[in-house]
Every structure is written in C-alpha cells, then in structure tokens.
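Asker: Kindly return the folded structure for what I paste below:
(one chain, ligands or ions: 1)
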Amino acid sequence: MIQLENISHVYRGLLLRSRAFASFKRDELDIISEDIISQYNDVDEIFDPMSGYGGGMYYFARKGYKTTNVELNPPAYYWQVLINPQNTESIIKIINSILAYRDKWPILHEKFSISDEIFAEPAIKHIRFLYEMILNRSKKNDLLSISILLPFVSRFANYIKSSTNITHFKHGGFCSYVGWDDDFEEYLNILQERLLLDVVNFKESNHKNILSDLMNLDLSDKFKFFVTSPPYPNYRDYSKLFKIENWILDNIIYSKPTDFKYMIGSNNVSGKKFGDIQSNKSNIFLTTLLDKSKKLTKKSRRDIETYYHPYFSQYFYNLQEAYKKLDSLLERNAIGYIVVNDNITRDIIIPVGASICDIFRNLGFDADDIDASQINHFGNIGKMAKRINSQHTRHIIKVCKK
Ligand SMILES: C[S@@+](CC[C@H](N)C(=O)[O-])C[C@H]1O[C@@H](n2cnc3c(N)ncnc32)[C@H](O)[C@@H]1O
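Answerer: Model prediction:
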C-alpha cells in the first residue's frame, strides 16, 4: 500500500524520508560536524539564516546543539515547528485528542469537485472547519494547529502534480473527497509515529524557529557558529513549492499575504532592481553569459538579455546583501559552513560556490572549500534520463570571521 498517497509529494518526502527539494544531505552535515568536533569545543548553538525545512535543526539536535533557524517561506517554517523537539509532547497530545474525537470530525457532504481554482468552495469551507476543530483540540494553540493542518490541506486541492518539476503545480482539475477522514487518520498516525521515533534521538530540545525575511530580521543575539545552504539559482520560485499551502495561509489563516519580494533565487525578475555586485567570479560569469548570447539565435539572445542575465544579476546581488546581513548577526571570530551546489546554464558553470567565497572575503572573512565533490544530479526530465548538465560540483565552504 502506498502511504500518504493523497497528500502533496513535498510533504510525503518530508514525512516519510525527512527530505524534500534542496534539503541538506546527511553526508554534508557529517563533514561539517566532524570539522566542528575536531576544531572547537565551545559550540553551544548553531544558527541557520535560511533554514528551509529545518534540516540543520533536525541534525544538530541529535548532536546535542541548540539551534536558531530563520525562514521566509511560511510552510517550510511550520514544518520546522512540527519537528522541533520542544513541541513534540504538545503535538502528540493534540493528535491523540483529535483521533479520540473522530466521530465528531466535520462532515464533508460533497463527494468531489471539479474546479479551475486550487480549492473549490466545499473544500475551503471544510478546511475552515478542520482548522477550528484542531484549534479547539489544541486549546487554541494556533501555531501548532497550523503546523498540524498544513501538510494535509493538499488532500482537498484541485491540482495536477508534475512528475518532472516538483516546484510546479498546475491548478484546476478533479478532487475526490471520498475517504478524506481515513487519509487524515493515516496522516496523523504517521506523523505521530515519526515524532515519537525522532524524539528519543534528540539530545538537545532548545531550538528557535523564526518566520522572517532575513533582510528584515531584528535580533539582539549574536551567533558564533552558523551552518546554512542558499537557494539555488535555478529559476524556481521556492514559494511555489508550497503554493497550495500558501494559498490556505493567505486566504484562510492570515489577514495579509506573505511578501516574497526578497525570496532569493525566485524566478520573478520583472521590475526588480539590483545594485553593485562585488564578487569578481559573479561578474565574470555575467559577462560570459552575455558574450555567449551574442553567438546564439536572436531569440536566445533576447531571452538571455531580458530574463537570464537580470535573473542571475539579481540572484548574486541578493545573496551578497543577505550575507552582509548575516555578518551583522555574527560575533567576532565567528565560524560558518555553507553547503552549495554549482548549477550549469547554457553550458556555463554558475559559480555560486566561488562567488560565496568572494562575498565573504570581501566582508573580511577567510573563506575556503573544505570539501568539493562532483555529484550527479538527475535532471528534471525523469530519473532515467541523465542530462548533459546533470554533473554539479557540491562545495562545503568554511568561513572564519577575522
Ligand atoms: C536550500 S533551502 C534550505 C534548506 C535547508 N538547508 C534544509 O535542509 O531544510 C534555502 C531556503 O532559503 C529560504 N530563503 C530565501 N530567501 C530568504 C530570505 N530572504 N530570508 C530567509 N530565508 C530565505 C528559502 O525559502 C529556502 O527555504
């Protein structure tokens, strides 16, 4: 039997394998952890300024470190809240209370819907009831209620999954509501089982999750150690990875939609401004890309000039500004590790790793790879078809503030 068949593949990956698109890999964090253990004995807390699904928290909690995690995309943040060991006991209690109340769960009379929208009217009404029910079972803890609800809302969505592009959902289509309650029970049981298995392995339960754009973050704490991984410049909109869940947050839960203006790597370039890019490596890449466009067809040239060049310029500029902001949150002599993959565009390597080294050196840090390896990345076009640009260099960069 396929588990969690009816919820989005992002959450299925997170629930069953603790991984989703662009998560840290265990071997990457092992390399960092070994370096930390062999070099420093004063590590108490690890900061991640762009923490995604909390892969760093999940790993370092097992090693006995506290963590502070900042994330801009709300569903990724709520996932962190769900797996934060600090919350496990309360979440288990809420799940038990919801399961014990099964005969009073809201009834969804409609059997199906066909809609052009992500959610049809009956689903919207039902999700509202479900949220109210979870809120009541949780003694009005809205943070934990939202965290429990979100991974399940795609069960009620009218959408078509793309097997070739995981950040893309086509909205509209058919949705059957039949058996939603069995699916909800399955989801709650799997979540509970997973949290109970995890909790025995955590050695430290003190972790903070902060929902914020790093650029607007105002913190009194300064950090001595950080471990992070930037969004990739692959024209994907990270907010779209959770389009379904963000729709629910924006339309049912929040009073005002999230502003993804400074989502780094986002594919939207229109009307955005960027400033001076100080990294030599980024500038050489940008010039090479423009030079290459001159040898291509008129259409390709126009695509590069109007889309790809502004896109990469914006990416490198935003990354530079984000790391400047990160620097302002670090103590003197701080140490950081950044896991990064270099993608390829039009046969040109996008020098993300080397640009990050430039950015930190320009800020007065020492910055070098402690590990670089070739990884095979299966392209978007299916697992069997390895594309020519599927070889990436994965860098683990260590930076030391002087
Ligand atoms: C590569 S992912 C991190 C994944 C993480 N290492 C993990 O294992 O779960 C990069 C994250 O940066 C976040 N991000 C992008 N721009 C941001 C910003 N301005 N402030 C905070 N987070 C941001 C994205 O939403 C994305 O979740």
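
Asker: for the ligand, what are the nearby residues on the stretch 301-402 of the chain?
Answerer: Counting by C-beta under 6 Å from any ligand atom, the residues of the stretch 301-402 of the chain lying close to the ligand are Ala322. Placement of C-beta: from N, CA and C, glycine included.

Asker: so where do the helices sit in the stretch 301-402 of the chain?
Answerer: Using DSSP state H, counting those that start in this stretch, the helices of the stretch 301-402 of the chain run over residues 309-328, 352-362.

Asker: cool, and the chain?
Answerer: Taking DSSP state H as the test, the helices found in the chain are 9-17, 26-39, 55-63, 74-83, 85-100, 121-137, 142-149, 180-199, 243-248, 280-294, 298-303, 309-328, 352-362.

Asker: quick revisit: pick the most deeply packed of the helices of the stretch 301-402 of the chain.
Answerer: Neighbour counts (mean count of other C-beta atoms under 10 Å) averaged over each of the helices of the stretch 301-402 of the chain peak at helix 352-362, with a mean of 23.

Asker: tell me which strands and helices that helix is in contact with?
Answerer: The contact analysis (3 or more C-beta pairs under 8 Å, 6 or more residues apart in numbering; DSSP states H and E) places helix 352-362 against helix 280-294, helix 309-328, strand 330-342, strand 365-376, strand 391-401.

Asker: Direction included, what does the fourth one pair against?
Answerer: So that's strand 365-376. Strand 365-376 has the following strand partners under DSSP bridges: strand 391-401 (antiparallel).

Asker: Name the residues that touch the partner strand?
Answerer: For strand 391-401, the external contacting residues (C-beta atoms under 8 Å, 6 or more residues apart in numbering) are 28, 31-32, 35, 327, 330-344, 349, 353, 356-357, 360, 364-377.

Asker: how about that strand: buried residues?
Answerer: His392, Thr393, Arg394, His395, Ile396, Ile397, Lys398, Val399, Lys401 (16 or more other C-beta atoms under 10 Å).

Asker: Listing partners with orientation, what would you give for the helix or strand of the chain with the lowest mean pLDDT?
Answerer: One helix or strand of the chain scores below all others by mean pLDDT, DSSP states H and E: strand 169-171, with a mean of 80. Strand pairing for strand 169-171, using DSSP bridges, gives strand 159-161 (antiparallel).

Asker: next one: the strand it pairs with to chain centre, how far?
Answerer: Mean-position distance between strand 159-161 and its chain equals 20 Å (C-alpha atoms, centre = their mean, to the nearest Å).

Asker: Kindly report the same for stretch 248-262.
Answerer: Per C-alpha atoms, centre = their mean, the centroid offset for stretch 248-262 relative to its chain is 16 Å.

Asker: what's the burial count for the nearest residue to His126 once chain neighbours are set aside?
Answerer: Nearest residue to His126, sequence neighbours excluded (C-beta to C-beta, 6 or more residues apart in numbering): Leu108, at 4.8 Å. Leu108: 18 surrounding residues under other C-beta atoms under 10 Å.

Asker: For the residue positioned nearest the centre of the chain, grab phi and psi.
Answerer: For the chain, Gly52 is the residue whose C-alpha lies nearest the centre (C-alpha atoms, centre = their mean; 3.2 Å). Dihedral angles of Gly52 (phi, psi; degrees, to the nearest 10) stand at phi 50, psi -130.

Asker: Okay then, goodbye and thanks.
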